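Q: Okay, here's the prediction I keep looking at, along with the sequence it came from:
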Amino acid sequence: MNNLKNLAGNDVAIFLFRFEIHGNAISLVINQEIGMDMYEDIDEKLKPLAHVCCETLSRYRHLSVSNTIMDGNFLDTGEFEVMLSKGLGRYFPEDEKQQLFQDAKKIADLLGEVMLRRTKEEKEGKPQKPTYKDFSQNPKQVIKGLEALGNTKRFMAELQWMAEGQRLRPGLKPLQPDDLPPGVTASRGYDHRGHCLVFEDKALGELGKIVLIKMGEEKMLIQAELFKGQENEKSPLVQKKKKVFGKIVATVNNRFDENFPE
């Protein structure tokens with residue numbers, strides 16, 4: 001008799017993944033057998049999705065009533081279901097929650113691809129690969145994957161914009177490389193709340209990100225987040241980052257006010 005149930009209490013046929021709270025961190029736990037069969041190319045696609053889901057869930061971890069904050073499973077009915085910890089969904093803005101669920105579904109699709117690929121190899125009589133694989137975390141690879149996801153998100157938004165007959169307002173002044181402090185570069189990031197830019201300093205490393213969050217039809221919230229890593233808030237490195245990042249945030253705010261005066 002199958003007693004495995006998901007966060008909603010529904011009967012589970014195949015456990016796929018869950019996101020667990022560990023203190024101030026969130027970790028992704030995937031089906032052990034699928035993990036043993038993991039392919040490197042699928043793992044590369046999986047990690048950026050896991051990273052952004054962990055980031056989003058971390059903002060709500062203090063509201064979760066269980067250590068498992070989100071799970072994804074195939075139910076006995078054959079349907080895939082992703083669920084948040086009981087009652088947690090009410091705290092999410094709807095767009096952010098839908099983005100989170102869409103990426104959870106992509107994670108499920110990738111894990112399903114592992115199962116299908118392994119089943120196909122077994123039917124073809126291909127030899128089994130070793131069950132242990134060391135796909136170590138590569139931060140640069142994750143950042144590259146997030147940039148690709150961000151570019152895709154931006155492209156899809158532009159397609160929808162054009163399909164709705166919208167046009168860019170003439171006279172808009174985009175942010176230029178010369179507007180940034182010396183040694184600072186910007187790249188597309190990926191965030192479930194909205195469009196995201198990530199800033200990096202040649203000497204100081206990753207500075208932080210700015211997310212443009214749509215608040216209704218006429219308002220946009222600019223959310224700036226400093227990247228501290230493992231450093232203390234008062235450390236010299238964080239203080240240097242804060243000073244440079246503060247200039248960037250001020251520049252973005254000013255440019256936004258120029259383009260969209262009240």
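A: Everything's here; your move. A quick note: this is a predicted structure, and the numbers were derived from the prediction, not measured.
Q: residues in contact with residue 106?
A: residue 49 (Cβ atoms under 8 Å, 6 or more residues apart in numbering). (Glycine included, C-beta is placed from N, CA and C.)
Q: what do you get for residue 250?
A: With Cβ under 8 Å, 6+ apart as the criterion, no residue contacts residue 250.
Q: Over to residue 93?
A: residue 193.
Q: what do you get for residue 149?
A: By Cβ under 8 Å, 6+ apart, the contact set of residue 149 is 48-49, 52, 190.
Q: Now do the same for it: its pLDDT.
A: Residue 149 carries a pLDDT value of 93.
Q: Could you do residue 223 as well?
A: 92.
Q: what does residue 117 give?
A: Here the pLDDT value assigned to residue 117 is 93.
Q: quick one on the thing from earlier: let's have the contacts of residue 149 in TSV, adding neighbour count and pLDDT.
A: Below are the contacts of residue 149 laid out as TSV (neighbours: other Cβ atoms under 10 Å; pLDDT from 0 to 100):
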residue	neighbour count	pLDDT
48	21	96
49	23	97
52	23	97
190	27	96
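Q: any low-confidence regions in the stretch 151-262 of the chain?
A: Scanning the stretch 151-262 of the chain for pLDDT under 70 picks out the ranges 161-162, 164-174, 218, 258-262.
Q: how about a cut-off of 50?
A: Within the stretch 151-262 of the chain, the ranges that satisfy pLDDT under 50 run 171.
Q: residues making contact with stretch 45-65?
A: Contact with stretch 45-65 is made by 19, 21, 24-28, 69-70, 85-88, 91-92, 96, 99-100, 103-104, 106-107, 110-111, 137, 141-142, 145-146, 148-149, 190-193, as judged by Cβ under 8 Å, 6+ apart.
Q: Would you mark the buried spots in the longest helix along the chain?
A: In the chain, assigned by DSSP state H, the helix with the most residues is helix 94-123. By neighbour count on 16 or more other Cβ atoms under 10 Å, the buried set for helix 94-123 is 96-97, 99-101, 103-104, 107-108, 110-111, 113-114, 118.
Q: Give me the angle between the first helix or strand past it going along the chain and helix 94-123.
A: Remark: after helix 94-123, the chain's next helix or strand is helix 139-163, criterion DSSP states H and E. Angle, helix 139-163 to helix 94-123, by axes from the mean of the first three to the mean of the last three Cα atoms, to 10 degrees: 120 degrees.
Q: May I see the buried residues of helix 139-163?
A: For helix 139-163, using 16+ other Cβ under 10 Å, the buried residues are 142-143, 145-147, 149-150, 153.
Q: Ok, stretch 213-226 next?
A: Neighbour counts over stretch 213-226 (16+ other Cβ under 10 Å) mark 213, 224-226 as buried.
Q: That one: how far from the chain's middle?
A: The chain centre lies 17 Å from the centre of stretch 213-226; the measure is Cα atoms, centre = their mean, to the nearest Å.
Q: got the CA coordinates for stretch 24-39 in CSV?
A: In CSV, the C-alpha atoms belonging to stretch 24-39 read as follows (Å, rounded to 0.1, in the frame of the first residue of the first chain):
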residue,chain,number,x,y,z
ASN,A,24,18.7,30.5,6.6
ALA,A,25,19.2,28.3,3.4
ILE,A,26,17.0,26.3,1.1
SER,A,27,18.2,23.1,-0.6
LEU,A,28,16.7,21.0,-3.4
VAL,A,29,16.4,17.3,-2.8
ILE,A,30,15.6,15.2,-5.8
ASN,A,31,14.6,11.5,-6.2
GLN,A,32,17.6,9.5,-5.3
GLU,A,33,17.3,7.0,-8.2
ILE,A,34,16.9,9.8,-10.7
GLY,A,35,19.9,11.6,-9.2
MET,A,36,22.0,8.4,-9.7
ASP,A,37,21.0,8.4,-13.3
MET,A,38,21.5,12.1,-13.9
TYR,A,39,23.1,13.3,-17.2
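Q: No more questions from me, cheers.
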